[in-house]
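A.B. asks: Build me a model:
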Amino acid sequence: MNEDMQTESNALVKARIEALQKVPSRLISRGLEDITIFTLDEIVRRLVDSNPNDAEGYCYRGLAYHLNGEFEHALSDYNQALRLNPGYTDAYYHRGIIYHIKKEYNSAITDFDQVLRLNPSYTGAYFGRGLAHCKKDNYDFAIIDFSHAIRLDPDSAPFYHYRGLAYNLKGELEKSIADSNTAIRLDREYAPAYGARATAYRGQGKYDLAINDLSEALRIDPNSAPAFLNLGITLNSRGHSSLSQGNYDSAIADFKRAISVNPNNATSYLGLGFANALKRNIIEARVALKRAIELGSPEARELLDKLPQDEPELTVRTPTSTQPPSGGCFIVTATYGSPLASEVQIFRDYRDQKLVKTATGRKLIGIYNAIGPLFAEIISHSNKLRSISRFILGFLVKRINTK
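C.D. replies: Got it, this is the predicted structure:
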């Protein structure tokens with residue numbers, strides 16, 4: 001969110017550049033009437049030289065330094081402005097923004113507090129303090145501050161957007177979506193709101209809606225790095241969801257698309273390798289896992305070492321009896337660490353009471369018994385693969401419990 005603060009502060013400074021171009025001539029030198037003939041650098045040089053005891057001159061020059069990204073120089077000028085005029089509200093506000101960019105969040109909050117003591121209706125100070133509270137994980141305080149900003153300026157899409165982000169970080173996804181909806185209604189070309197809503201949709205497992213929003217965000221801003229990152233994460237999440245439902249082809253398609261969005265994401269290649277391994281596409285799995293290893297995935301190395309060197313014929317022994325089969329739940333046991341885990345019993349009961357009674361179910365049991373030991377061995381040595389497996393199996397447990 002530090003980048004968000006800098007983006008918003010840069011927008012603020014740019015909005016004030018007209019004021020900077022119209023600095024009173026008394027702050028530059030006697031007799032100047034048309035300040036717009038000077039470049040920004042010339043203004044910076046002249047602002048204080050002829051008026052070394054004028055707080056306003058230092059604040060204007062601080063704004064110019066801020067716009068140029070010279071934050072230490074800006075901070076020095078704001079400090080001097082406040083030494084000359086301890087009640088200078090704008091100087092506290094802009095210094096608070098600099099502190100936020102420098103990740104000194106407590107100092108930023110202190111300056112925004114002072115602004116609001118001097119002027120309780122200073123909208124930007126509520127917004128800035130809300131962002132600082134978010135960085136400190138004080139989401140309730142952030143939401144209060146963003147709500148104050150909205151009360152003072154109810155037509156600001158960014159204020160709703162950032163309150164929605166705070167709700168998202170609290171896990172209140174419906175409220176987050178509602179604020180994103182309002183931000184989009186106020187400004188349909190405000191790309192960050194689509195990205196924020198996509199994140200909330202992803203948290204709800206509504207991957208198609210999330211991907212639609214991210215596509216819209218990228219239409220508005222084709223170079224948005226956060227939207228590309230979000231899209232890759234969402235595609236990976238949908239891929240794992242497809243795996244949990246046995247839709248290996250859909251999972252493979254999502255992992256491939258995630259790779260096209262971010263070709264250097266090891267997690268996407270790991271997912272692609274895992275999905276191909278489950279389909280017994282050993283060659284394709286090996287290629288994907290080798291790339292994941294190149295990108296630094298130790299889990300991919302463990303999985304690759306367990307794959308057969310050639311693409312074998314899958315020997316499936318389908319139970320012929322409707323009696324409960326012997327044998328454990330290999331993958332579930334490896335995932336949860338104990339044959340006594342409640343999830344193991346749920347799957348065992350479903351196998352013995354449901355699957356074994358149908359021809360299709362008995363075939364699935366045969367396939368599971370053929371590949372289960374291999375993948376149980378792989379999963380047992382990798383925390384990350386166990387985490388992925390828990391996600392998939394947790395979805396299946398919910399499905400079983402609703403039947």
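
A.B. asks: what about whatever helix or strand residue 125 lives in, distance to the chain center?
C.D. replies: Using DSSP states H and E, residue 125 maps to helix 123-135. Averaging C-alpha positions (Cα atoms, centre = their mean, to the nearest Å) puts helix 123-135 19 Å from its chain's average.

A.B. asks: ok, now stretch 88-97?
C.D. replies: Distance, centroid of stretch 88-97 to centroid of chain: 30 Å (Cα atoms, centre = their mean).

A.B. asks: Contacts for it, please.
C.D. replies: 5, 9, 12, 55, 58-59, 62-63, 66, 74-75, 78-79, 81-82, 85, 107-112, 114-115, 118-119, 122, 124-125, 128-129, 132 (Cβ atoms under 8 Å, 6 or more residues apart in numbering). (C-beta placed from N, C-alpha, C; glycine too.)

A.B. asks: quick one: contacts of the helix holding residue 125?
C.D. replies: 1-2, 4-5, 8, 12, 93, 96-97, 100, 103, 105, 108-109, 112-113, 115-116, 119, 139, 141-146, 148-149, 152-153, 158-159, 162-163, 165-166, 169.

A.B. asks: From those residues, list the buried ones, please.
C.D. replies: 4-5, 8, 12, 93, 96-97, 100, 105, 108-109, 112, 115-116, 139, 141-146, 148-149, 152, 158-159, 162-163, 165-166, 169 (16 or more other Cβ atoms under 10 Å).

A.B. asks: Please tell me how far the residue nearest the centre of the chain sits from residue 218.
C.D. replies: Note on the chain: the residue nearest the mean C-alpha position is residue 230, at 6.1 Å, using Cα atoms, centre = their mean. Distance, residue 230 to residue 218, by Cβ to Cβ, to the nearest Å: 10 Å.

A.B. asks: now swap in residue 204 and tell me
C.D. replies: The spacing between residue 204 and residue 218, counted by Cβ to Cβ, is 21 Å.

A.B. asks: Equivalent analysis for residue 197, please.
C.D. replies: 14 Å.

A.B. asks: Looking at the two, which one has more neighbours?
C.D. replies: Neighbour totals were compared for residue 197 and residue 218, and residue 197 leads with 29 against 19 (other Cβ atoms under 10 Å).

A.B. asks: Run through the residues that contact that one.
C.D. replies: Counted by Cβ under 8 Å, 6+ apart, residue 197 has contacts 164, 176, 177, 180, 181, 184, 210, 213.

A.B. asks: Assign the second one to helix, strand or coil.
C.D. replies: With DSSP: H, G, I helix; E, B strand; the rest coil as the basis, residue 176 sits in helix.

A.B. asks: got it, and residue 233?
C.D. replies: Quick answer, by three-state DSSP: residue 233 is helix.

A.B. asks: is it true that the residue nearest to the centre of the chain touches residue 200?
C.D. replies: No. Counting by Cβ atoms under 8 Å, residue 230 sits too far from residue 200 to count as a contact (11.2 Å).

A.B. asks: if we can go back for a sec, overlap in contacts, residue 230 and residue 218.
C.D. replies: Between them, residue 230 and residue 218 share no contacting residue, judged by Cβ under 8 Å, 6+ apart.

A.B. asks: picking that back up, ok, of the contacts of residue 197, which come out buried?
C.D. replies: 164, 176, 177, 180, 184, 210, 213.

A.B. asks: Could you provide these in a markdown table, with additional columns for distance to residue 286 and secondary structure?
C.D. replies: Shown next, in a markdown table, are the buried ones among the contacts of residue 197 (distance: Cβ to Cβ, whole Å; DSSP: H, G, I helix; E, B strand; the rest coil):
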| residue | distance to residue 286 | secondary structure |
| --- | --- | --- |
| 164 | 43 | helix |
| 176 | 41 | helix |
| 177 | 41 | helix |
| 180 | 42 | helix |
| 184 | 44 | helix |
| 210 | 31 | helix |
| 213 | 35 | helix |
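
A.B. asks: between these, which is closest to residue 353?
C.D. replies: residue 210 (36.3 Å; Cβ to Cβ).

A.B. asks: quick one: contacts for that closest one?
C.D. replies: Neighbour list for residue 210: 197, 198, 199, 201, 202, 230, 234 [criterion: Cβ under 8 Å, 6+ apart].

A.B. asks: can you tell me which of these lies nearest to residue 278?
C.D. replies: Among the contacts of residue 210, and counting by Cβ to Cβ, the member closest to residue 278 is residue 234, at 21.2 Å.

A.B. asks: Can you tell me which of the contacts of residue 197 lies closest to residue 264?
C.D. replies: residue 210 (21.8 Å).

A.B. asks: Report pLDDT for the closest one.
C.D. replies: At residue 210, the model reports a pLDDT of 93.

A.B. asks: Tell me where the stretch 151-300 of the chain has helices.
C.D. replies: 157-170, 173-186, 191-203, 207-220, 225-244, 248-261, 266-278, 282-294, 298-306 (DSSP state H, counting those that start in this stretch).

A.B. asks: Only the C-alpha atoms, please, for the fifth one, written as CSV.
C.D. replies: Just to be clear, that refers to helix 225-244. C-alpha atoms of helix 225-244 as CSV (Å, rounded to 0.1, in the frame of the first residue of the first chain):
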residue,chain,number,x,y,z
ALA,A,225,1.6,-4.7,-12.7
PRO,A,226,-0.8,-5.4,-9.7
ALA,A,227,-3.5,-6.5,-12.1
PHE,A,228,-1.2,-8.9,-13.9
LEU,A,229,0.0,-10.3,-10.6
ASN,A,230,-3.6,-10.6,-9.3
LEU,A,231,-4.6,-12.4,-12.5
GLY,A,232,-1.8,-14.9,-12.2
ILE,A,233,-2.8,-15.7,-8.6
THR,A,234,-6.4,-16.0,-9.5
LEU,A,235,-5.7,-18.4,-12.4
ASN,A,236,-3.6,-20.5,-10.1
SER,A,237,-6.4,-20.6,-7.5
ARG,A,238,-8.9,-21.6,-10.1
GLY,A,239,-6.5,-24.2,-11.3
HIS,A,240,-6.3,-25.7,-7.8
SER,A,241,-10.1,-25.6,-7.5
SER,A,242,-10.4,-27.5,-10.8
LEU,A,243,-7.9,-30.1,-9.5
SER,A,244,-10.1,-30.6,-6.4
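
A.B. asks: Fine, thanks again, bye for now.
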